[in-house]
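S.K.: Pasting the sequence and the predicted model now:
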Amino acid sequence: MKWGAWMAVLVLAAAACRGADDSGVSVSDFASVDEGRYEVLAQGGHQMAYEVNLFMNEMLRHYEEYFGNQTFKADARVIVFDDSADFHNYASNAFGVPHPWLAGYCQWKTDASGHRVCELVVHNNGNVWPTLAHEGFHQFIVYELGGQLPVWLNEGLAQYFETSAFLGSSFRVGQINRGRMLEAQALVRNHQAPTLAQLVRMDPAAFYADPNADYPMSWAFTFYLITSGNPSVQSEFRSYLQDVRWGGDSLKNAQERMAQDGDRWQSDFEDFVLHLRTWVD
C-alpha cells in the first residue's frame, strides 16, 4: 500500500473504539482460537486464527511494558476478514460508508453473553500484521486508560509497534519503517515539521487535520524518546508515561512539561532524525 493510502487508513481508524450495531455479516462460522487474553475469529481458517492469536498475545506483552500494568480485559476480540466485501459490510455501521483503503479499526460490541468488548476488526489484505499491531495498541489503550491518551503519543506508539514481527525464533518491535523515516527526514530538512512543543500540545482535531506531517513526526518523536539512548530523555519519558496513567491534572502538567522539554530537545531531536538509517542502507 502506498504511503498516502496508509495515512488515510490511519486517519480513519484512529484510537478510540467506536459504537456499532449489527451489520448483517455473521462471524459465527469463522474459525476461533481463544487462548491467552485474546479471542480471535478468522474467516481464513484455524491456522490464521492461531497465528493471529499468537501474534496478539506477544504484542500485548510489549504494550504492557510501557505502562507497567496488566489490566487488559481477558478475551478481547479480534476478527480477521479475508473477503473485502464482507469486511466493508461489517465496518459499515462503524464508519457509514467505509473508505476503500480502510484496513482495520476498533469498535465496541456486545457479545452473545451480554459482555461489552472493544473489538479489533481487520482485513487480511496483505498488510495485516502492521495493521494488527497498530490497531491492537489502540485497543489496548481503551482497556488500559479508557482511550484517554494524548493524540501524538497514541499515534506515535501505535506506529512504533506496527513494525513488530517474528524474526526466526525472536520477536522484534520498533523496527524502522523506511518510508516513514524518509517522510520525517524530508519534513525536518525542509522546515515543514511542527515543533515538538506544537506536536505535544495538539488536540485530535489539529493532529488529524495534517496527517502527512503529524503522523511521521509523532512516530519520529516517539522513536527518539524510546531509542535515543539519552538517559535524561528516557527518564523524562518514563515519568511522563506514569503521569499519563494518572490522568487529570497529572496529565495536564505532564503535557506542559513535555512541551517544555521538547523545546530543549528540538535541536538534538532534529539531528537524531536526520541521521536515522535503516539496515538496508
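M.R.: Done, it's in. Residues are numbered from 1 along each chain as shown.

S.K.: Phe237 contacts Thr227, doesn't it?
M.R.: No - here Phe237 lies out of contact with Thr227, judged by CB atoms under 8 Å, at a distance of 10.7 Å. Glycine gets a C-beta too; all of them are placed from N, C-alpha and C.

S.K.: the more surrounded of these two?
M.R.: Phe237 (20 against 15; other CB atoms under 10 Å).

S.K.: Spatially nearest residue to that one (excluding sequence neighbours)?
M.R.: Leu225 (4.3 Å; CB to CB, 6 or more residues apart in numbering).

S.K.: mind checking which helix or strand that neighbour is in?
M.R.: Using DSSP states H and E, Leu225 sits in helix 211-227.

S.K.: which of the residues in stretch 95-113 are buried?
M.R.: 95, 98-99, 101-107, 109 (16 or more other CB atoms under 10 Å).

S.K.: Could you do stretch 50-59 as well?
M.R.: Residues of stretch 50-59 classed as buried: 51-56, 59 (neighbour count, 16+ other CB under 10 Å).

S.K.: what do you get for stretch 123-132?
M.R.: If you call a residue buried by 16+ other CB under 10 Å, then stretch 123-132 has these buried ones: 123-125, 127-132.

S.K.: And the contacts of that stretch?
M.R.: Contacts with stretch 123-132, where a contact means CB atoms under 8 Å, 6 or more residues apart in numbering, come from 1, 6, 9, 43-44, 48, 52, 55-56, 59, 78, 80-82, 84, 87, 102-104, 120, 122, 162-165.

S.K.: now the strands for the chain?
M.R.: Counting by DSSP state E, the chain has these strands, from start to end: 18-19, 31-35, 38-42, 76-81, 104-110, 116-123, 165-167, 170-172.

S.K.: Now do the domain split for the chain, please.
M.R.: Listed domain ranges for the chain are 3-147, 171-274 (source: automatic domain parsing).

S.K.: ok so, going back, any idea which of the buried residues of stretch 123-132 is closest to Val233?
M.R.: Within the buried residues of stretch 123-132, the smallest distance to Val233 is 26.1 Å, found for Pro130 (CB to CB).

S.K.: Relative to Ile226, how far out is the closest one?
M.R.: 18 Å (CB to CB, to the nearest Å).

S.K.: for Gln139, same thing?
M.R.: On the measure of CB to CB, Gln139 and Ile226 end up 20 Å apart.

S.K.: higher neighbour count, the two?
M.R.: Each of Gln139 and Ile226 has its neighbours counted (other CB under 10 Å); Gln139 has more, 33 against 17.
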